[in-house]
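1. pasting the structure only:
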């Protein structure tokens, strides 16, 4: 698809008579109303995969079976809807489902599961997260023996089983080496999150891999330095206990072997052999026996009984626990985290109520729970609902919603208000208030709702007539689809009969004015907001999230908006635009660029004008330096045809000394037009002070001083609208007047720049035509300018 678009762009540029070096990034929705084929395909693919996953019939069942089959074949602990390992991407690159999921993840879209992900086993620490890439080297072994999680190779206290115990548990042959075991220990030592989960599950305080030390009996090798931390032990195996004696035999190799020793001179009748040495720490050793031993057949007998052996083991274990507890205490002392949340939930008797399955436990959810309990016996209820939105389009935006419960005696029995988060709009506040009133209503209840939002009334009445919402219907909601779906579910699940009554806002209705006052007062409320953590509906299991925010608008519209933003960021990253990222009002710049006047039909003059605007915006006019790239033999050493002093680049066209008077004339025309327009709107302004203020913006002074890293009048000639100019005009004009003024002035600027460029091209063409009989002489003439 990219190759198709590349060919299309080249053809498109040729038809528009644009340079082939013109960046593709300028062809986007805001500059040329241009849509890439990939963007349209992305919208369709994202929508289709989400419809498949949420389908509750044959299509959805087949989709999930195929995903689970891949999950099982690759022996993955978590669903592919949660994460896709790198080797899956390469192995299943031609699989439609995997390709669709990769596309979703590339757009930073994840899944919020309204139920739970399809894990194969209910454990917490997968071996994949510890072994990483090494996991796939041994995945066939793990799958054959059904080993998937770390908890499967731990004992009841959370200690890691030894290799011998793992072989015994899974009925493995003694020759199976378990090469992944040491890698698992090393990675577990460096994985604090896995250790945290392990400690939480088993009530331990491990700060390293939880290994149970097996006792090793032996003698230090010759020339052991007892000042070192570790030493090599000649390992012996215990054959038996005979009364007060222990029979031991030299080990010829085990899972714990770190090196081998081969005697150079075997004893008489002794076969050459290799014996096992184990590297151990002095801190974990204790003396079992010192003295002589009696020799048996291929063994030794030492005078140690079973009680002495067990006492020595206890001493070693106490040493290990003291060493470990010191490091654990240090670790805990530096840990800023605590389990206060768990303690809070355990101590609160309300946390076990089914009501809090859908809500985050806080003061607001408890308040709503109390209201629901008091209203559960009512067969008819009357609500006044309202929402409030302040400081829109600012960082201080705030949104609240609430309701009043009115009794039959026409008095307020209950009231509830809360702040809201995400996607602020007045409609969201209004429908949230109605959602809360439906939550506290009992089953089979008759409800009267008074609201001042006619749009909300129309939408809910339409929803209540529909018995079922399909996933396609859900993703077609323009905004707030999750709230609409919750409302639809509660109406039909509780069998509610709702009657709406429209109330005029800010009239003499006391109840409506009171809830309006409470909602406005809640903007300064310090209590936590009511948060719905689990939705009520069950017709969708997989909801799309972007950057951990639920997508609550029409899905195709969101993808379109995402692609437009991505294309715009690509345009901003062009080298010639880095200067303008933070100093240009891009919305006004695009308005100026797309201004076609009053002409609504196709017009060739407007088309030529827009092409010139394109070239100006991206610095692509065919100046001499660009022409050299194609005809270097003709213009190899050529300078500017007017001043013969500098190379003719885009900037030099406007900075050339031969154009100084022309640029000054355009600047004065631009300045005077703006000042005259302001004086027409506000005749009491001092023209001298206004002129000084405009010159202080520095457009022309920066140009004279050659401060090209600053915003100059050349940048205005290119079509950019700076924030400083907008602030200056906003102080004297309304927004509509500002737009009208900018469209007129920039339109005149384009005409003047086109005239200058036309004169330059006419002169260059005449000169080339004069020497056309002999291009060699033309090249000599150009070079003679130096």
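-> Yep, that arrived. These numbers were taken from a predicted model, which means no experiment stands behind them.

2. tell me where the stretch 251-400 of the chain has helices.
-> 306-333, 340-347, 363-375 (DSSP state H, counting those that start in this stretch).

3. hey, least reliable of those helices by pLDDT?
-> Note on the helices of the stretch 251-400 of the chain: helix 340-347 shows the lowest mean pLDDT, a mean of 37.

4. all strands of the stretch 201-350 of the chain, in order?
-> Under the criterion DSSP state E, counting those that start in this stretch, the stretch 201-350 of the chain contains strands at 217-220, 230-242, 245-250, 259-261, 275-281, 294-296, 299-302.

5. looking at the ones you listed, which is closest to residue 392?
-> The closest of the strands of the stretch 201-350 of the chain to residue 392 is strand 275-281. By CB to CB, the value is 66.3 Å. C-betas here are computed from N, CA, C, even on glycine.

6. parallel or antiparallel, list what pairs with that closest one.
-> strand 230-242 (antiparallel), strand 259-261 (antiparallel) (DSSP bridges).

7. so how far is residue 254 from the residue lying closest to residue 238 once chain neighbours are set aside?
-> The shortest distance from residue 238 to any non-neighbouring residue, by CB to CB, 6 or more residues apart in numbering, is to residue 248 (5.7 Å). Separation of residue 248 from residue 254 (CB to CB, to the nearest Å): 14 Å.

8. do residue 85 as well
-> Per CB to CB, residue 85 is found 35 Å from residue 254.

9. which one of the two has more residues nearby?
-> Neighbour count, other CB atoms under 10 Å: between residue 85 and residue 254, residue 85 has more, with 17 against 14.

10. in this structure that one contacts residue 77, no?
-> No. Under the criterion of CB atoms under 8 Å, residue 85 makes no contact with residue 77, lying 10.5 Å away.

11. identify the contacts common to the two.
-> Both residue 85 and residue 77 are contacted by residue 128, under the criterion CB atoms under 8 Å, 6 or more residues apart in numbering.

12. am I right that residue 413 is in a strand?
-> Yes. Counting by DSSP: H, G, I helix; E, B strand; the rest coil, residue 413 is found in a strand.

13. contacts only, for it.
-> Neighbouring residues of residue 413 by CB under 8 Å, 6+ apart: 405-407.

14. just the buried ones from the residues you listed?
-> Listed as buried from the contacts of residue 413 are 405-406; burial here means 16 or more other CB atoms under 10 Å.

15. mind putting the contacts of residue 413 in a markdown table, pLDDT and secondary structure included?
-> A markdown table is the format used below for the contacts of residue 413 (pLDDT from 0 to 100; DSSP: H, G, I helix; E, B strand; the rest coil):
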| residue | pLDDT | secondary structure |
| --- | --- | --- |
| 405 | 94 | strand |
| 406 | 93 | strand |
| 407 | 90 | coil |
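
16. break this protein into its domains for me.
-> The chain breaks down by automatic domain parsing into domains covering 127-202, 217-330, 359-533, 604-783.

17. winner for burial among those?
-> Most buried of those, by mean neighbour count (mean count of other CB atoms under 10 Å): domain 359-533, with a mean of 17.

18. first-to-last residue distance for it?
-> Domain 359-533 has an end-to-end distance of 5 Å (criterion: CA to CA, to the nearest Å).

19. ok, and what's touching stretch 125-141?
-> Residues outside stretch 125-141 that contact it (CB under 8 Å, 6+ apart): 74-78, 85, 87, 142, 147-151, 179-180, 183-184, 187-188, 191, 194, 197-198.

20. assess the claim that residue 46 and residue 560 are in contact.
-> No. The pair residue 46 and residue 560 does not pass the contact test of CB under 8 Å, sitting 10.6 Å apart.

21. which of those two has more neighbours?
-> Between residue 46 and residue 560, counted using other CB under 10 Å, the more crowded position is residue 46 (22 against 17).

22. residue 585 versus the more buried one, what's the distance?
-> From residue 46 to residue 585 the distance is 32 Å (CB to CB).

23. now swap in residue 149 and tell me
-> In terms of CB to CB, residue 149 sits 55 Å off from residue 585.

24. spatially central residue for this structure, please.
-> The C-alpha lying nearest the average C-alpha coordinate of the chain belongs to residue 547 (CA atoms, centre = their mean; 3.6 Å).

25. which one is that residue nearest to, not counting chain neighbours?
-> In this structure, residue 547 finds its nearest non-sequential neighbour in residue 108, 5.8 Å apart by CB to CB, 6+ apart.

26. surely residue 426 touches residue 397?
-> No. Counting by CB under 8 Å, residue 426 sits too far from residue 397 to count as a contact (11.5 Å).

27. between the two, what contacts are shared?
-> Counting by CB under 8 Å, 6+ apart, the residues touching both residue 426 and residue 397 are residue 389.

28. quick one: contacts of stretch 417-432?
-> Everything outside stretch 417-432 that qualifies as a contact, by CB under 8 Å, 6+ apart, is 364, 385-389, 392, 397-402, 436, 451, 453, 455-456, 459-460, 479-480, 483-484, 487, 515, 518-519, 521-523, 525, 527, 529-531, 549-550, 552-553.

29. the strands paired with strand 275-281: which one's closest to residue 492?
-> Proximity to residue 492 (CB to CB) singles out strand 230-242 among these, at 70.8 Å.

30. give me the contact list for the closest one.
-> Strand 230-242 has contacts (CB under 8 Å, 6+ apart) with 216-221, 224-225, 246-251, 254, 256-259, 261, 275-282, 299-301, 305-306, 309.

31. pLDDT below threshold where in the stretch 1-150 of the chain?
-> For the stretch 1-150 of the chain, the stretches with pLDDT under 70 are 1, 115-123.

32. what about the strands in it?
-> Assigned by DSSP E, counting those that start in this stretch, the strands in the stretch 1-150 of the chain fall at 109-113.
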